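Peer 1: I would like to see how this sequence folds:
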Amino acid sequence: MRLKHALAAGAVSLGLLSSCLSVAQAAEHAALGTNGVAQAAGEAVPAVPDGIPVPEELDEDSQELDEAISQPVPEALEGEVPTAASEAPGEEAPGEDGLQAPDPLVGVPDAEAACRARMTVAQAQESDTPVACVAWASSATASELRAAVTAWPTPAWCDDHGTNGKWYVNRFKACGIFPADLTVINPRTGTVIGRMHYLVRAYAYSGRDVKTWAYQVEVMVVSASGAAVGASANGGARCAGKCKVTKSTFPSQLVSQSKDAVGQFFMDTTIVTSPKGQKGEGQASAVWRFTKAGWAGPSNDIVLPTPPVRCDNALPGTSKPGCVMPYIPELVYARNGEYPELAQHIQDAQTTDNLPGKHGTTRYLTRLTNKTKITENRNTSCPSSLPRPAGKQCDEYPFASTWQGAKTGGSYSRRMIDARQNRSGGQALALFYLYNRIIEKDRFLVWIK
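Peer 2: You can find the predicted model right below:
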């Protein structure tokens, strides 16, 4: 089964993806390019519905927001802009559970050591029985690898990066294409008697309103020769940190240029569900090996961990837990959209006043959820004593719901703008927090287009 079909089936079982948009959603989707709606690098917040409360203003969990967070969010028209997990600005340090963005090449010395140990045993026995070794990186040419990827349907935001062996992530998805080699050696003579160049396409996805996430790998042969022809792959999964594997399917499958091997895994977070405010990271790893009759045994294991996944039940306004990838989202306002005065104010504050949160920088905004501090920020920047012209409201930047706000941060800008734009823009911010599971001290940027 091709991975794209496995993904669809797995996603439906999790309730994470929708196979189609309703007519209303399709119309809304078509309008997203110019209406100033907030988005997170390819994932857009729908037009702001009337009456959606701001999450941090709720006294308790809201059934309305529980339902809102479970609604499908249409994809933005613009292409997604994923970040390399190992290069995400500000994400270099490990999370609270010590989990770091993975680099498969870190495991190369271990794979080589495992191969040498097996070779040593076989050589001591003067055996001609082939020994199979597998390791990341490939001796295949770049053109061979590129041709294989081109012939292999892959999400564009993953495929565009070729076979560089890195994970690319957005808020709820991770994808990477990883080259590797299987080498079969006669231990007595040291002669290579077979080789397989192959690619692994890995795809992980989580959900904003569920405690489960999924991970799938697909092994595709680029070329094979000699004693490597006719090998099969099989494996399983494991999880480090605050998670457990609930389903692991990677049975033995013959691999060739016409048949791929697929593994599919599901993980649950193990953070406690009560009290509210819990969070923790988990990191899944796929582990597999190659086998073939006539070899001395299976190859050494090869391991591919995903980027760490943060799960929480700490999102203000909703009781539903959810899980996100290590990606810093961006809120987008368009100068020619629904909130032009709001967008212009933020742009001026970021550029003229050099306030944080600007797209393309690492001067992030961080969410503040304490209601008292939010009120203090708002009262500092826009006190009730400040005159408001007719039809205008006081707009502050950085937002009162951030630690960079007027009282907690110290530097700010304020401007009187159209009252409707101020209200609707604030609701768009609230939905941005909700749909991207931005919890206390989560970082984000604001992109003015």
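Peer 1: Do I have it right that residue 409 meets residue 400?
Peer 2: No - Residue 409 lies out of contact with residue 400 (CB atoms under 8 Å); the separation is 10.1 Å. Heads up, the C-betas are built off the backbone N, CA and C, glycines and all.
Peer 1: Might one say that residue 317 is in contact with residue 434?
Peer 2: Yes - taking CB under 8 Å as the definition, residue 317 is a contact partner of residue 434 at 6.7 Å.
Peer 1: still on that earlier bit, neighbour count winner among residue 409 and residue 400?
Peer 2: A count of neighbours by other CB atoms under 10 Å puts residue 400 above the other of residue 409 and residue 400, at 25 against 18.
Peer 1: That one falls within a strand, correct?
Peer 2: No - if the criterion is DSSP: H, G, I helix; E, B strand; the rest coil, then residue 400 is coil and not within a strand.
Peer 1: so where do the strands sit in the stretch 101-250 of the chain?
Peer 2: Per DSSP state E, counting those that start in this stretch, the stretch 101-250 of the chain carries strands over the ranges 131-136, 167-169, 173-186, 191-205, 212-226, 232-241, 243-249.
Peer 1: which neighbours do residue 409 and residue 400 share?
Peer 2: Counting by CB atoms under 8 Å, 6 or more residues apart in numbering, the contacts common to residue 409 and residue 400 are residue 377.
Peer 1: Next, find the distance separating residue 153 from residue 253.
Peer 2: 19 Å (CB to CB, to the nearest Å).
Peer 1: between those two, which one's more packed in?
Peer 2: Counted by other CB under 10 Å, residue 153 and residue 253 do not tie: residue 253 has more neighbours, with 17 against 11.
Peer 1: My guess is the more buried one contacts residue 261. True?
Peer 2: Yes - Residue 253 is within contact range of residue 261, at 4.0 Å (criterion: CB under 8 Å).
Peer 1: Give me the common contacts of those two.
Peer 2: What both residue 253 and residue 261 touch, as defined by CB under 8 Å, 6+ apart, is the set 232, 233, 234.
Peer 1: Reformat the residues you listed as a markdown table; add distance to residue 170.
Peer 2: Converted to a markdown table, the shared contacts of residue 253 and residue 261 look like this (distance: CB to CB, whole Å):
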| residue | distance to residue 170 |
| --- | --- |
| 232 | 34 |
| 233 | 28 |
| 234 | 31 |
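Peer 1: Go through these and name the one nearest residue 389.
Peer 2: Residue 389 lies nearest to residue 233 out of the shared contacts of residue 253 and residue 261, by CB to CB, at 68.9 Å.
Peer 1: what's the distance between the closest residue to residue 259 other than its chain neighbours and residue 246?
Peer 2: Distance criterion CB to CB, 6 or more residues apart in numbering; nearest residue to residue 259, sequence neighbours excluded, is residue 253 at 7.4 Å. According to CB to CB, residue 253 stands 22 Å off from residue 246.
Peer 1: Could you report the separation of residue 399 from residue 203?
Peer 2: Distance from residue 399 to residue 203, by CB to CB: 34 Å.
Peer 1: For beta bridges, what are the partners of the residue nearest to residue 259?
Peer 2: As for beta bridges, residue 253 partners with residue 233 under DSSP bridges.
Peer 1: tell me the contacts of it?
Peer 2: Listed by CB under 8 Å, 6+ apart, the contact partners of residue 253 are 232, 233, 234, 259, 260, 261, 262.
Peer 1: now do residue 183
Peer 2: So residue 183 contacts 132, 133, 134, 135, 192, 194, 195, 228 (CB under 8 Å, 6+ apart).
Peer 1: how close does residue 252 sit to residue 288?
Peer 2: Distance check for residue 252 against residue 288: by CB to CB, it reads 10 Å.
Peer 1: before we move on, back to that, now, which of the shared contacts of residue 253 and residue 261 sits nearest residue 444?
Peer 2: Nearest to residue 444 among these is residue 233, at 39.8 Å by CB to CB.
Peer 1: Need the contacts of residue 183 in TSV (columns: pLDDT, neighbour count and distance to residue 445).
Peer 2: Formatted as TSV, the contacts of residue 183 follow (pLDDT from 0 to 100; neighbours: other CB atoms under 10 Å; distance: CB to CB, whole Å):
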residue	pLDDT	neighbour count	distance to residue 445
132	93	25	47
133	91	20	44
134	91	24	40
135	87	22	38
192	94	15	50
194	96	21	50
195	95	20	46
228	96	27	47
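Peer 1: okay, and for the stretch 151-300 of the chain, where does confidence drop off?
Peer 2: 151-152 (pLDDT under 70).
Peer 1: Which residue comes closest to the most far-flung residue of the chain relative to its centre once chain neighbours are left out?
Peer 2: Centroid-distance maximum for the chain: residue 126 at 48.9 Å, with CA atoms, centre = their mean. Excluding its sequence neighbours, the residue lying closest to residue 126 (CB to CB, 6+ apart) is residue 188, at 5.5 Å.
Peer 1: burial count for that neighbour?
Peer 2: By other CB under 10 Å, the residues close to residue 188 number 13.
Peer 1: Wait, it touches residue 130, no?
Peer 2: No - at 10.3 Å, residue 188 does not count as touching residue 130 under the criterion of CB under 8 Å.
Peer 1: can you state the direction angle for the helix or strand harbouring residue 264 and strand 191-205?
Peer 2: Taking DSSP states H and E as the criterion, the element that holds residue 264 is strand 261-269. Interaxial angle of strand 261-269 relative to strand 191-205 (axes from the mean of the first three to the mean of the last three CA atoms, to 10 degrees): 40 degrees.
Peer 1: For strand 261-269, name the packing helices and strands.
Peer 2: helix 3-14, strand 212-226, strand 232-241, strand 243-249, strand 253-254, strand 279-291, strand 309-312 (3 or more CB pairs under 8 Å, 6 or more residues apart in numbering; DSSP states H and E).
Peer 1: would you list the ones you listed in TSV and tack on distance to residue 445?
Peer 2: Formatted as TSV, the helices and strands packed on strand 261-269 follow (distance: least, CB to CB, whole Å):
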stretch	distance to residue 445
helix 3-14	28
strand 212-226	24
strand 232-241	27
strand 243-249	28
strand 253-254	43
strand 279-291	21
strand 309-312	18
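Peer 1: which one of those is the most hemmed in?
Peer 2: strand 309-312 (a mean of 27; mean count of other CB atoms under 10 Å).
Peer 1: After it, which helix or strand is next?
Peer 2: Next in sequence after strand 309-312, counting helices and strands by DSSP H and E, comes strand 322-324.
Peer 1: what's that next one in contact with?
Peer 2: Against strand 322-324 from outside (CB under 8 Å, 6+ apart): 69, 171-172, 206-213, 269, 309-312, 315, 436-437.
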